[in-house]
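Asker: Sequence below, structure please.
(one chain, ligands or ions: 1)
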Amino acid sequence: MQPLLKVQGLGKQLAVRAGLLSHKKVSLLKDISFCIGRGETLAVIGETGAGKSTLAKVLAGADEASSGQIILESDLVHDGTSRHGDCRHIRLIFQDPTTSLNPALTIGEILDDCLRLNTELSSEQRLEKIKQTLAKVGLLVEHRLYYPHMFSGGQLQRVALARALILDPKVLVLDEALSSLDPSVRAQTVNLLLELQRETGLSYVLITHHLSLVKHMSDQVLVLDHGEVVEYGKTGEIFGNPQSKTCQRLLTC
Ligand SMILES: Nc1ncnc2c1ncn2[C@@H]1O[C@H](COP(=O)(O)OP(=O)(O)OP(=O)(O)O)[C@@H](O)[C@H]1O
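Answerer: The predicted structure follows:
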């Protein structure tokens, strides 16, 4: 079966200052390859500084890769030098939604901006889409009139989810998106994500330090160390018989 998302030999280099007038290149990601099927979840784990957030940003188009390919449903999204098409099919959700939601706008205005900038929908169609999306993430239609500061942390993460889902993406990248939630809200949000996945065939790239979430949600695990893949396979196999020292260390923490 054709994978939904195929990543081949992805690399990210940065030029950093090495002296008064000189720069050197450092590799943040090296030769990353993996595939995700429709409705599947890939968990990305690794120690701090391993490159997980860099990978998240590169996948979602918030940062540019230096080499390699990103192929979504046989469309070349990144060809080794530049990004093609729009970023609506792979969307990113961060740990702290307060930093990415404009406090001066209502939730309805934030969601409407997203639709105005990325679609040709009329204002009536946009309002209908906003109402449908709020309902999809378990918020009320009236919540479109609220400002971000009027929500709890768990509700705000639902708003961030609504903003990601309103463009009907195929892949959601969750970069520690569940980490700041308290355990009961986290459990509700996980159930919501799994329900959405069952209903729509959405695929997830789940970046987290919570191994219980990895076990519960993911089909595959990719282990990063210093920007390189040191282990990649089915979740059950990785947890049952980790091969790399990094993975063994992470699983015993
Ligand atoms: N703009 C930048 N300039 C220089 N170094 C950077 C930059 N962005 C990231 N890095 C470095 O790249 C490495 C990977 O960072 P990244 O944030 O992707 O790691 P991470 O696995 O997400 O870590 P954490 O679990 O702590 O969030 C780190 O060593 C970081 O210092």
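
Asker: Would you enumerate the residues in contact with residue 176?
Answerer: Residue 176 sits next to 94-95, 207-209 when contact means Cβ atoms under 8 Å, 6 or more residues apart in numbering. (Each C-beta comes from the backbone N, C-alpha and C, glycine too.)

Asker: Highest neighbour count among the residues you listed?
Answerer: residue 207 (25 neighbours; other Cβ atoms under 10 Å).

Asker: and that residue, what does it touch?
Answerer: Remark: with contacts taken as Cβ under 8 Å, 6+ apart, residue 207 is in contact with 43-45, 52-53, 55-56, 173-176.

Asker: circling back to that earlier point, which of the contacts of residue 176 fall in strands?
Answerer: When DSSP state E is applied, the contacts of residue 176 are split such that residue 207 fall in strands.

Asker: And the contacts of residue 176, which is the shakiest by pLDDT?
Answerer: Confidence by pLDDT is poorest for residue 95 among these, given 82.

Asker: got the contacts of residue 176 as CSV, with distance to the ligand columns?
Answerer: What follows is the contacts of residue 176, written out as CSV (distance: Cβ to the nearest ligand atom, whole Å):
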residue, distance to the ligand
94, 11
95, 9
207, 7
208, 10
209, 7
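
Asker: Of all pairs in the contacts of residue 176, which one is the farthest apart?
Answerer: Across those, no pair lies farther apart than 94 and 209, at 14.6 Å, counting by Cβ to Cβ.

Asker: returning to what we had before: need the contacts of residue 207 in JSON lines with pLDDT, distance to the ligand and secondary structure, can you?
Answerer: Below are the contacts of residue 207 laid out as JSON lines (pLDDT from 0 to 100; distance: Cβ to the nearest ligand atom, whole Å; DSSP: H, G, I helix; E, B strand; the rest coil):
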{"residue": "43", "pLDDT": "97", "distance to the ligand": "13", "secondary structure": "strand"}
{"residue": "44", "pLDDT": "97", "distance to the ligand": "8", "secondary structure": "strand"}
{"residue": "45", "pLDDT": "96", "distance to the ligand": "9", "secondary structure": "strand"}
{"residue": "52", "pLDDT": "96", "distance to the ligand": "4", "secondary structure": "helix"}
{"residue": "53", "pLDDT": "95", "distance to the ligand": "3", "secondary structure": "helix"}
{"residue": "55", "pLDDT": "97", "distance to the ligand": "7", "secondary structure": "helix"}
{"residue": "56", "pLDDT": "96", "distance to the ligand": "8", "secondary structure": "helix"}
{"residue": "173", "pLDDT": "97", "distance to the ligand": "12", "secondary structure": "strand"}
{"residue": "174", "pLDDT": "96", "distance to the ligand": "13", "secondary structure": "strand"}
{"residue": "175", "pLDDT": "95", "distance to the ligand": "8", "secondary structure": "strand"}
{"residue": "176", "pLDDT": "92", "distance to the ligand": "7", "secondary structure": "coil"}
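
Asker: in a strand, that's where residue 28 is, yeah?
Answerer: Yes - remark: residue 28 belongs to a strand, assigned using DSSP: H, G, I helix; E, B strand; the rest coil.

Asker: Turn the contacts of residue 207 into JSON lines, columns for distance to residue 149.
Answerer: Shown next, in JSON lines, are these (distance: Cβ to Cβ, whole Å):
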{"residue": "43", "distance to residue 149": "32"}
{"residue": "44", "distance to residue 149": "32"}
{"residue": "45", "distance to residue 149": "33"}
{"residue": "52", "distance to residue 149": "29"}
{"residue": "53", "distance to residue 149": "26"}
{"residue": "55", "distance to residue 149": "32"}
{"residue": "56", "distance to residue 149": "26"}
{"residue": "173", "distance to residue 149": "26"}
{"residue": "174", "distance to residue 149": "23"}
{"residue": "175", "distance to residue 149": "23"}
{"residue": "176", "distance to residue 149": "22"}
